[in-house]
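Enquirer: quick one: sequence and predicted model below, then my questions.
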Amino acid sequence: MSIRMENIVKLLSRKEVVGVLIVLLIFTSFYSLKALGARDTLQTTVKTAGYSSVGTLTHTALLGNNTLYGPTLSRQYYPAPLVEGFVLNYRYRFTPGDVVRGNYTISGKVTYYVTKGKEKVILWEEPLLYESGELEKGGFSKDFTLDMLKLTNETEAISEQLDMRRIVRDVTYSVRVNVIGIIAGNTVEESFSQDMSLAKDVSANLYYFTNTEKSKGGSVTETSVRPTTMSVLGVNVKTATAKILFPILSFILLTPLLGGVYTITASRERHTGLEAYTVEGAPPFVDKKVHLKSFEDLRKTFELLDRPIIHYRDDGDVYVIVEDGVAYEYREN
């Protein structure tokens with residue numbers, strides 16, 4: 001075992017071996033830092049399907065006697081003096097509606113109020129419409145009417161009873177839908193709301209409806225998580241593996257490297273003071289050799305004989321002091 005350890009120490013003290021260990025340590029340290037700064041996994045989200053909710057209010061005005069438009073009129077704006085009522089239709093559709101269920105409510109009301117500064121003071125509310133039900137094939141349709149002559153008479157009656165001449169009237173409709181559908185194998189729960197109203201432009205004396213079309217879309221996504229890799233000399237290695245592997249290799253390489261550096265440093269320190277008395281040369285021919293066990297023995301021999309030290313390489317560094325045909329030789333392992 002002692003011979004093996006000596007061989008290992010001798011091997012690690014060679015400069016070329018230390019150089020190789022340094023290169024390998026730089027290599028493993030570089031990939032250790034690269035791996036530690038990378039993510040172990042990559043999450044990707046892909047859209048697999050889409051869906052939408054669409055609500056539409058269509059309207060047609062019923063007109064009084066006139067020579068301009070006839071009995072009915074369908075457009076964005078309506079001349080208020082001619083309008084006696086409206087025929088309305090609301091349609092809702094969830095797409096795709098093949099595998100879907102849900103419910104809806106549609107309601108309407110007329111609100112009478114006055115304004116106090118910026119504050120709205122509600123005086124009276126009256127329902128115009130209320131219906132609820134289940135969706136059929138992802139949708140529903142509702143027809144209803146709005147009697148403007150009746151509203152005008154009610155407005156005048158309320159104004160007289162309250163003795164208020166500046167009463168304002170709002171007509172609003174609200175739709176609420178809850179849907180549960182199967183889209184691309186996934187269960188989707190969707191809620192939809194739409195608020196519409198009949199407005200009047202006082203300056204132009206025109207009626208019009210607001211927010212008559214609304215759509216709301218969504219998508220079904222699939223999220224996948226896969227491990228990331230990093231290229232090491234053209235070979236793909238999982239990042240999670242690299243975070244463990246390269247720090248361990250760096251630690252393994254660091255131990256013999258420190259040992260080799262220590263050995264070389266210690267050897268240089270032992271040689272300190274004798275450089276001026278050491279010459280490079282060939283192995284001398286002598287009748288007798290005395291093998292010295294350590295560099296300290298070589299130092300003591302030099303101090304006793306005061307002869308130059310000859311250095312040459314022979315499977316390692318060899319130091320020789322020759323005196324009267326006797327070579328005092330130290331071989332550095």
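Expert: Good, I have the coordinates.
Enquirer: for the spatially closest residue to Asn66 that is not a sequence neighbour, what are phi and psi?
Expert: Nearest residue to Asn66, sequence neighbours excluded (C-beta to C-beta, 6 or more residues apart in numbering): Leu82, at 5.4 Å. All C-beta atoms are positioned from the backbone trio N, CA, C, and that covers glycine. Main-chain dihedrals, Leu82, degrees, to the nearest 10: phi -90, psi -20.
Enquirer: do the one 5 residues further on as well
Expert: Here is the backbone geometry of Val87 (degrees, to the nearest 10): phi -100, psi 120.
Enquirer: picking up where we left off before, wait, doesn't the residue nearest to Asn66 sit right on Tyr69?
Expert: Yes - the criterion here is C-beta atoms under 8 Å, and Leu82 meets it with Tyr69 at 7.2 Å.
Enquirer: list residues touching both of those two?
Expert: Residues touching both Leu82 and Tyr69 by C-beta atoms under 8 Å, 6 or more residues apart in numbering: Leu63.
Enquirer: for stretch 95-102, give me every contacting residue.
Expert: By C-beta under 8 Å, 6+ apart, stretch 95-102 touches 51-54, 94, 134-135, 137-139, 177-183.
Enquirer: next one: stretch 160-170
Expert: 110-115, 123, 151, 155, 158-159, 197-198.
Enquirer: show me those residues that map onto helices.
Expert: Per DSSP state H, helices hold the following members of the contacts of stretch 160-170: Leu151, Thr155, Ile158, Ser159.
Enquirer: for those, which one is nearest Gly281?
Expert: Leu151 (124.4 Å; C-beta to C-beta).
Enquirer: and that closest one, how many residues sit next to it?
Expert: 18 (other C-beta atoms under 10 Å).
Enquirer: what residue is smack in the middle of the chain?
Expert: Gln43 (7.5 Å; C-alpha atoms, centre = their mean).
Enquirer: now do the helices in the stretch 151-300 of the chain.
Expert: 239-271, 295-305 (DSSP state H, counting those that start in this stretch).
Enquirer: quick one on the thing from earlier: got a list of what the residue nearest to Asn66 touches?
Expert: Leu82 neighbours (C-beta under 8 Å, 6+ apart): Ala61, Leu63, Gly64, Asn66, Leu68, Tyr69, Leu73.
Enquirer: hmm, back to that, looking at the helices of the stretch 151-300 of the chain, which one has the lowest mean pLDDT?
Expert: Note on the helices of the stretch 151-300 of the chain: helix 239-271 shows the lowest mean pLDDT, a mean of 71.
Enquirer: now the element after the lowest-mean-pLDDT helix or strand in the chain, going C-ward?
Expert: One helix or strand of the chain scores below all others by mean pLDDT, DSSP states H and E: helix 2-12, with a mean of 50. Downstream of helix 2-12, the first helix or strand assigned by DSSP states H and E is helix 15-36.
Enquirer: tell me the helices and strands packed up against that following helix.
Expert: Contact analysis of helix 15-36 by 3 or more C-beta pairs under 8 Å, 6 or more residues apart in numbering; DSSP states H and E lists strand 229-232, helix 239-271 as its packing neighbours.
Enquirer: just the pLDDT for Ser193.
Expert: For Ser193, pLDDT reads 97.
Enquirer: the spatially closest residue to it that is not a sequence neighbour: how many residues sit nearby?
Expert: Once flanking residues are discounted, Ser193 sits nearest to Arg176: 5.3 Å by C-beta to C-beta, 6+ apart. Using other C-beta under 10 Å, Arg176 is surrounded by 15 other residues.
Enquirer: need the pLDDT of Arg176.
Expert: pLDDT at Arg176 comes out at 97.
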